[in-house]
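*Asks:* coords below, sequence missing:
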């Protein structure tokens, strides 16, 4: 199972990279809060267009308490601010299902994921995977991240440059 938070999917939609993301990692599961956030940010048509490639999962009532705990652990007094990340983490932590990967960009949430022993990658990491696989080149990676930034996603210039340099190093390897 691959679980995603809101940010990586919006970045994939912004940059026209969802088909690439899906080709690299397969179908994605999101909790309802993430689907709601995607719609609130104006990407409901893209979510619908993804069809069965993105499945929305409901959390059980007993998992909601854990969601509040995780949201608070992410580091804000307003647990609703991080509800999507928290629901994604709780969904990925289910013992009944094996989560291979969780897609999450926000640093505080990523630190929480690490503490739970989850395998984490953000949207820039997905693009690096694509570069390593020679599916896209480093300039394409940089262009996609800049496209996201130009549409309001916070990817600082230093992050974009660092990821681009990693991609260049990977691209040159045989």
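*Replies:* It's in. In this text, all values refer to a predicted model and were calculated from it rather than measured experimentally.
*Asks:* wait, what's in contact with the nearest residue to residue 100 once chain neighbours are set aside?
*Replies:* Nearest residue to residue 100 in three dimensions, chain neighbours excluded: residue 2, at 6.0 Å (C-beta to C-beta, 6 or more residues apart in numbering). C-beta here means a position set from N, CA and C on the backbone, and glycine is covered the same way. Residues near residue 2 by C-beta atoms under 8 Å, 6 or more residues apart in numbering: 25, 26, 27, 28, 29, 99, 100, 101, 102, 103.
*Asks:* once you drop chain neighbours, what's closest to the second one?
*Replies:* Counting by C-beta to C-beta, 6+ apart, the nearest residue to residue 26 once its immediate chain neighbours are dropped is residue 2, at 6.2 Å.
*Asks:* next one: phi and psi at the one you found?
*Replies:* phi -110, psi 120 (degrees, to the nearest 10).
*Asks:* and this protein, what are its domain boundaries?
*Replies:* Listed by automatic domain parsing, the domain ranges of the chain are 2-123, 132-172.
*Asks:* worst average pLDDT in these?
*Replies:* Ranked by mean pLDDT, the domains of the chain bottom out at domain 2-123, with a mean of 88.
*Asks:* how distant is that domain from the center of its chain?
*Replies:* In terms of C-alpha atoms, centre = their mean, to the nearest Å, the centre of domain 2-123 is found 6 Å from the chain centre.
*Asks:* one more: stretch 155-166?
*Replies:* With C-alpha atoms, centre = their mean, you get 17 Å for stretch 155-166.
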